[in-house]
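J.: the sequence and its predicted three-dimensional model are supplied below.
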Amino acid sequence: MRKAALPVCLAIVSIALPAGVAANPDSGTTNGRAGASIVQPLRAVPLEVLSFGALSVGVSGDGEVSVSATSSATYSGSAAPACGAASDCAPHAARFAVSGQGNRAYRVQLPSRVSARGARTGQLLDVSRLSVRSDNRQAADGRGLLDTDGHDEFSVGGVLSVPAATRPDTFRAELAVSVSYD
């Protein structure tokens, strides 16, 4: 019975070894594989800036303007809109076009907050709670999906905090946006 079991074990071992590799007890060599997939570069292009619109803030209370990634705006505290919704000074989300390899998922990375600087006063206002929403993947979780042609667009919203009695000025911030394949 032992003699029958031994040839079966040797046959299984010799089948498991790759071709060209000898079963030598003094050395252990084999061949591995290397591979690469070349994909189209992922690229994001800004289409529209994130705008909190024209607003006013009270002298005794702070305020906030929240612009969602779908461009809806809400005001809290002493912040109030200073122009109509149909005006060119109305708040809206930033828009970016993305292109790359079709049917691939991607991720958008944003800073957790940025500072907007007043052109005249130099005062800094905090922009935080930045959010992303892809047109092709509706969840606002910072991920997107390129269509079969390799295109998508995404929006970025956020919250602007305005201290009480902030003097009139035009505030601007740089928003670093990076995209990478998932």
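T.: Structure's in. What do you need? Residues are numbered from 1 along each chain as shown.
J.: mind listing residues that contact the host helix or strand of residue 47?
T.: Per DSSP states H and E, residue 47 falls inside strand 43-48. Contacts of strand 43-48 with the rest of the structure, by C-beta atoms under 8 Å, 6 or more residues apart in numbering, involve 92-100, 108, 153, 177-179. Backbone N, C-alpha and C define where each C-beta goes, glycine included.
J.: ok, which stretches of this protein are strands?
T.: For the chain, the strands defined by DSSP state E occupy 43-48, 55-56, 63-67, 73-77, 80-81, 94-99, 105-109, 113-118, 124-134, 143-145, 151-162, 171-172, 178-181.
J.: can you say which of the ones you listed is nearest to residue 30?
T.: Comparing the strands of the chain against residue 30 with C-beta to C-beta, the closest turns out to be strand 178-181 (31.4 Å).
J.: to residue 31, which of the strands of the chain lies closest?
T.: The closest of the strands of the chain to residue 31 is strand 178-181. By C-beta to C-beta, the value is 29.5 Å.
J.: what's that closest one in contact with?
T.: Applying C-beta under 8 Å, 6+ apart, the contact partners of strand 178-181 are 39, 42-44, 98, 100-101, 104-109, 144.
J.: which residue is nearest the middle of this protein?
T.: Ranked by distance to the mean C-alpha position of the chain (C-alpha atoms, centre = their mean), the top residue is residue 108 at 1.1 Å.
J.: which residues pair with the residue nearest to it when sequence neighbours are not counted across the strands?
T.: Nearest residue to residue 108 in three dimensions, chain neighbours excluded: residue 132, at 4.6 Å (C-beta to C-beta, 6 or more residues apart in numbering). Following DSSP bridges, residue 132 is listed with bridge partners residue 156.
J.: which residues touch residue 132?
T.: Contacts of residue 132 (C-beta under 8 Å, 6+ apart): 69, 108, 110, 140, 141, 142, 143, 144, 154, 155, 156.
J.: please tell me how far it sits from residue 106.
T.: Residue 132 is 11 Å from residue 106, where distance means C-beta to C-beta, to the nearest Å.
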